[in-house]
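Trainee: okay, here's the prediction I keep looking at, along with the sequence it came from:
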Amino acid sequence: MGPEHVGTELAEVLIDEPTLTGRIQQLANSLAADYEGERVLFVGVLKGAVMFMADLARAMPCSVEMDFMSVSSYGYGTQSSGVVRIMKDLDIPLEGRHVVLVEDIIDSGLTLSWLLRTLSARHPASLEVCALLRKREALQVELDIKYVGFDIPNAFVVGYGLDYAERFRNLSVIATLDPANATTAG
Ligand code: IMP
């Protein structure tokens, strides 16, 4: 789904495809340098991180392992509930592993803060976060995030994995959405 859909429900393109691709390659290069000689496990949080995880993993010059988990955070609204529940857990044990938690977006940071506590309790050798987007103004908790793709304004965004009521995940760009103008049916 290309950016030609922007203009009706979608307000504007915030990050276009070449910019996404370029930044993801830079992140992959940093990760490859930092984890040289190590066995790295990418942990993706479904469903929003799927596109980012797939492209980041392919941009890595070395082999990485991948696993996914699913947690409930937003449901169908646009506000963080702060209530987090594991819907699908990881298949691979984290003990002794170098883990990179791959996240789509950090908004309040409540989901991530909960995830970090939960995954640390499994005794990985190391645990870092690689987030594609961060809403700096929205952060409600102090978090140490080593790898960030883009700091973005405090607006609701969709595309490249991110949804509004399950819509727009397959948009190839990151766009802002005005919930007042968007319907929940495609
Ligand atoms: P947090 O707990 O407020 O940091 O929210 C984290 C989760 O909320 C993300 O992993 C997304 O699934 C979702 N989310 C936060 N902001 C947005 C947005 O602007 N668009 C789409 N989903 C979002």
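Mentor: That came through, no problem.
Trainee: just checking, next helix/strand downstream of the longest helix seen in the chain?
Mentor: Of all the segments of type helix in the chain, defined by DSSP state H, the longest one is helix 17-34. Downstream of helix 17-34, the first helix or strand assigned by DSSP states H and E is strand 40-46.
Trainee: picking that back up, quick check: mean pLDDT of the longest helix of the chain?
Mentor: What helix 17-34 shows for mean pLDDT is 98.
Trainee: now do the buried residues in it.
Mentor: 20, 24, 27-28, 31 (16 or more other Cβ atoms under 10 Å). All C-beta atoms are positioned from the backbone trio N, CA, C, and that covers glycine.
Trainee: mind checking how far that helix is from the chain centre?
Mentor: 14 Å (Cα atoms, centre = their mean, to the nearest Å).
Trainee: same thing with stretch 154-164?
Mentor: 10 Å.
Trainee: and what of stretch 147-164?
Mentor: Averaging C-alpha positions (Cα atoms, centre = their mean) puts stretch 147-164 8 Å from its chain's average.
Trainee: same check, this time on stretch 11-18
Mentor: The answer for stretch 11-18 is 16 Å, by Cα atoms, centre = their mean.
Trainee: what residues sit buried inside that stretch?
Mentor: Residues of stretch 11-18 classed as buried: 11, 13-15 (neighbour count, 16+ other Cβ under 10 Å).
Trainee: flag the least confident of those residues.
Mentor: Ala11 (85).
Trainee: do I have it right that that residue meets Ile174?
Mentor: No - Ala11 lies out of contact with Ile174 (Cβ atoms under 8 Å); the separation is 11.7 Å.
Trainee: how near is Glu137 to Ile106?
Mentor: For Glu137, the distance to Ile106 (Cβ to Cβ, to the nearest Å) stands at 12 Å.
Trainee: which one's more surrounded, these two?
Mentor: Ile106 (24 against 10; other Cβ atoms under 10 Å).
Trainee: bridged to the more buried one, which residues?
Mentor: Beta-bridge partners recorded for Ile106 (DSSP bridges): Arg134.
Trainee: look up how far Gly149 lies from it.
Mentor: With Cβ to Cβ as the criterion, Ile106 and Gly149 are 11 Å apart.
Trainee: just Ile92 next, same as before
Mentor: 24 Å.
Trainee: and the two? which has more neighbours close in?
Mentor: Set Ile92 next to Gly149 and count neighbours by other Cβ under 10 Å: Gly149 wins out with 23 against 12.
Trainee: check which helix or strand covers the more buried one.
Mentor: Short version, using DSSP H and E: Gly149 is in strand 147-152.
Trainee: and that strand, which strands flank it?
Mentor: strand 126-135 (parallel).
Trainee: show residues contacting the strand it pairs with.
Mentor: 24, 27, 31, 49, 52, 56, 98-107, 112, 116, 119-120, 143-154, 157, 160, 174 (Cβ atoms under 8 Å, 6 or more residues apart in numbering).
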